[in-house]
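K.L.:
Sequence and predicted structure, then a few things I'm wondering about:
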Amino acid sequence: MPSANVRAARPSADRRLSTLVRHLLPSSARTTTAAAAATTTTATSADSSASLRAFPTMASSSVFAGVPQGPEDPILGVTVAFNKDPSPVKVNLGVGAYRTEEGKPLVLNVVKRAELQMIKNPSLGKEYLPITGLADFNKLSAKLIFGADSPAIQENRVVTVQCLSGTGSLRVGGEFLARHYHERTIYIPQPTWGNHPKVFTLAGLTARSYRYYDPATRGLDFQGLLEDLSSAPEGAIVLLHACAHNPTGVDPTLDQWEQIRQLMRSKALLPFFDSAYQGFASGDLDKDAQSVRMFVADGGELLMAQSYAKNMGLYGERVGALSIVCGSADVAVKVESQLKLVIRPMYSNPPLHGATIVATILNNRDMFEEWTIELKGMANRIISMRQQLFNALNIRGTPGDWSHIIKQIGMFTFTGLNSDQVAFMRQEYHIYMTSDGRISMAGLSSRTVDHLANAIDAAVTKVK
Amino acid sequence: MAALSRAASAIRRRGALHLLPGGAPTRAMASLFGHVEPAPKDPILGVTEAFLADPSPDKVNVGVGAYRDDNGKPVVLDCVREAERRIAGNLNMEYLPMGGSIKMIEESLKLAYGEESEFIKDKRIAAVQALSGTGACRLFADFQKRFLPDSQIYIPTPTWSNHHNIWRDAQVPQRTFSYYHPESRGLDFAGLMDDIKNAPNGSFFLLHACAHNPTGVDPTEEQWREISYQFKLKNHFPFFDMAYQGFASGDPERDAKAIRIFLEDGHQIGCAQSYAKNMGLYGQRAGCLSILCEDEMQAVAVKSQLQQIARPMYSNPPVHGALVVSIILNDPDLKSLWLKEVKGMADRIIGMRKALRENLEKLGSPLSWEHVTNQIGMFCYSGMTPEQVDRLTNEYHIYMTRNGRISMAGVTTGNVAYLANAIHDVTKSN
């Protein structure tokens, strides 16, 4: 870390000016002036500064003059393009937010119910939450993912802190590991959610990948996965998608999970689970948590990032939780205190509204039931879309094996289409998806599935 | 076989029963985090914890940094209740864009830069919704680190303690500049101007736009003009943290005066805004970070880069607080109501300052308590020593931070006499 003390050598004004020079002047002038500035003493630095001030462009120079335009986000860029398209038959299969059969966003009934209940309660506080968030929410979230009877919870070995959805939980967990864990490498599956590498890199970790998706089978490259994890250094961190892998929809079987668990524990690899789809994948909350619970059951430690964005439709409220299952209750207490030091200089304490909704629902038996029914409804609609698309392609005799559409699980399907085919489908059929061939099943409806099937059929026959 | 013997030797090495399939019951295993040290407690939050634990019926909490009414109760503004009533169970909760709610940003810029600001018209301001004031400062600090890696930040002495943590975690080196003058319990203007002059040209300064936290000491308008002038000569960059707009004087336009002076003088500024106190939205984490750029193109570039910093931190900001702010500021009736309510809060605090000072003077205190009414905003830097503060806590069950900072929001007509009496008691022998 740079020292807070005075820097020796060149005055900072000189440094700042030469930085501006690099960005603003044509390269020939840049080389000369920069070289001059680099070798300068205090006397000559004044000269070069004076000569720089003579340039008209420097007259009102901003310190941010050199800031380049940031790259467009590939996933959000799809929606931007979709919105611009005037075609009446356009379909947006880009963004990972649930849509109804009518193609509309959905606020769950139970969420509306919770909000109306909250409005009627004038004594509900609006003050700052503690740094670690809403206590009730934290306890309930841990129970939800680890199981109410989890021995780790009963033994007080679980520390849970409310964070900003999945992203925030991953970031806080990553920062904690970068500061306190002896291994700085995290292995992430190939492919994975586009934001994962940046989250961990900025947290201070080094991201490496392990094989995951097999394009030939459109399924799991299990051998490759085991090989890559076997050759990981002892103690390395491994990111695991708890269920409904994003973007492929390909999950290990329970047997495969068990093998992964054994391998990881034998090499003391630290599991970091990302659970963004609990209940949303199979429709069953407990079933979708099996992989995680398997790892907790062996008494080992792990990190868990939990999101309520999809399964409770709370996307914009940014509700999530980071849990760390520790070896002992003492360690859990100390870990919690250190998590606070990560959070406080980032945003002080997490947002209140979404967590209150979640706690309201999870605390109320009736509301919890209602939630599981609505959740199952969403999952079932997606499973039905998979079946419909698969059937539609079969009816058309579309070349290729499309069984992966019904084998994959969760919101996304990795179609296996290449970027040329994707571009063709956008051009000719106004179908929008990310260029890796990922489609969001949530964006499909019975009305649009035929159009999509036509588009895929045309793409695989006409574009190679 | 090789795999089995590897597993077996691992078991022997670590005595780890957990390697057995099916999860055999385990003893507490050696933790990968066993070496983690317990972190020191947050000094400010510790005060409230101690207060809550105290059973005394006389206890007074003047450590809290949240507004209280004259009954010592937290307040939810009526304009906020109305806005929440309108959106409850109605709107969708889709992701906001990475940069946050456009409407909320527009309204926030009008508040800070002026309703008719040419900079807004010319689209020269790069602005994103942020996680209250903390989040806004952190985004700026990270941005500073990324695009001006050689820069450091000058922070006033004293300041809100978390400022130091924010720039430290962003890995931007810190320096301090003189601000508070203990002898006068006012501004050390000479020291401040010296430090501005002595800092290398082009330094970055953190300035509290109004209602300095923790001292309550603000420069006068004339002093702000001199500071701005000196900044121009030195080409310094001013970053304003404005957490109390409207809350200080009761008038948001007046509280933004320092910023407006700098803008008139042609500075390019950065600004962190928070709605935690002035709209009572504490827990909703509603705020805005803005950076005034040279032109629209630069503003677009800077905004895109701020978004790149937010994306791997939390992807996009929370929608609820942003909706509440947008609804209130966009609806003329609700906005009037808000202005009235924020003035009410500021007036109550100004009233309590007067009452505390009068009580102390009536008790015949040998000390000057002018600073209680000279200072502005939620906090009063009393000038009491840590030992005197400890006596207040131990003998009178009065809770405040040990730097002698009194949160005027915790003072009521019901406890001001008790408070004055206690302060007089521990300071009369000064």
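P.N.:
Happy to help now that I have it.

K.L.:
what residues does the stretch 301-430 of chain B put near chain A?
P.N.:
The interface of the stretch 301-430 of chain B toward chain A, taken as Cβ under 8 Å from any Cβ of the partner chain, is made up of B:301-302, B:304-305, B:307-308, B:311-321. For every residue, glycine as well, the C-beta is placed using N, CA and C.

K.L.:
can you give me the strands for chain B?
P.N.:
Counting by DSSP state E, one finds strands in chain B at the ranges B:60-61, B:125-131, B:153-157, B:174-178, B:180-181, B:186-187, B:204-208, B:237-242, B:270-274, B:286-292, B:379-381, B:398-399, B:405-407.

K.L.:
Parallel or antiparallel, which strands does the first one pair with?
P.N.:
Right, the one you point to is strand B:60-61. strand B:398-399 (parallel) (DSSP bridges).

K.L.:
Measure how far the strand it pairs with is from the centre of its chain, please.
P.N.:
When C-alpha coordinates are averaged (Cα atoms, centre = their mean, to the nearest Å), strand B:398-399 and its chain have centres 22 Å apart.

K.L.:
got the contact list for that strand?
P.N.:
With Cβ atoms under 8 Å, 6 or more residues apart in numbering or on different chains as the contact definition, strand B:398-399 has outside contacts at B:47-48, B:50-51, B:54, B:59-63, B:392-393, B:419, B:422.

K.L.:
what about stretch A:345-365, near chain B?
P.N.:
Yes: counting by Cβ under 8 Å from any Cβ, chain B has neighbours in stretch A:345-365: A:345, A:346, A:347, A:348, A:349, A:350, A:351, A:352, A:353, A:354.

K.L.:
Show me which residues of that stretch are buried.
P.N.:
Using 16 or more other Cβ atoms under 10 Å in any protein chain shown as the test for burial, stretch A:345-365 gives A:345-362, A:364.

K.L.:
for stretch B:335-346, same thing?
P.N.:
Result for stretch B:335-346 [16+ other Cβ under 10 Å]: buried residues B:337, B:338, B:341, B:342, B:343, B:345, B:346.

K.L.:
Not counting sequence-adjacent ones, nearest residue to the third one?
P.N.:
Take residue B:341 and drop its neighbours on the chain: the residue closest to it by Cβ to Cβ, 6 or more residues apart in numbering or on different chains is residue B:77, 4.8 Å away.

K.L.:
what's around the one you found, how many residues?
P.N.:
Close neighbours of residue B:77, defined as other Cβ atoms under 10 Å in any protein chain shown, add up to 24.

K.L.:
give me every residue that touches it.
P.N.:
Shown in contact with residue B:77 (Cβ under 8 Å, 6+ apart): B:279, B:280, B:338, B:341, B:342.

K.L.:
so where do the strands sit in the stretch 151-300 of chain A?
P.N.:
In the stretch 151-300 of chain A, the strands defined using DSSP state E, counting those that start in this stretch lie at A:158-164, A:185-190, A:206-211, A:213-214, A:219-220, A:237-241, A:270-275.

K.L.:
In this structure residue A:64 contacts residue B:295, no?
P.N.:
No: using Cβ atoms under 8 Å as the test, residue A:64 is too far from residue B:295 to be in contact (10.9 Å).

K.L.:
Just want to know which of those two has more residues nearby.
P.N.:
More neighbours surround residue A:64 than the other of residue A:64 and residue B:295, with 25 against 13 (other Cβ under 10 Å).

K.L.:
List phi and psi for that one.
P.N.:
phi -110, psi 20 (degrees, to the nearest 10).

K.L.:
gap between it and chain B?
P.N.:
According to Cβ to the nearest Cβ, to the nearest Å, residue A:64 and chain B sit 6 Å apart.
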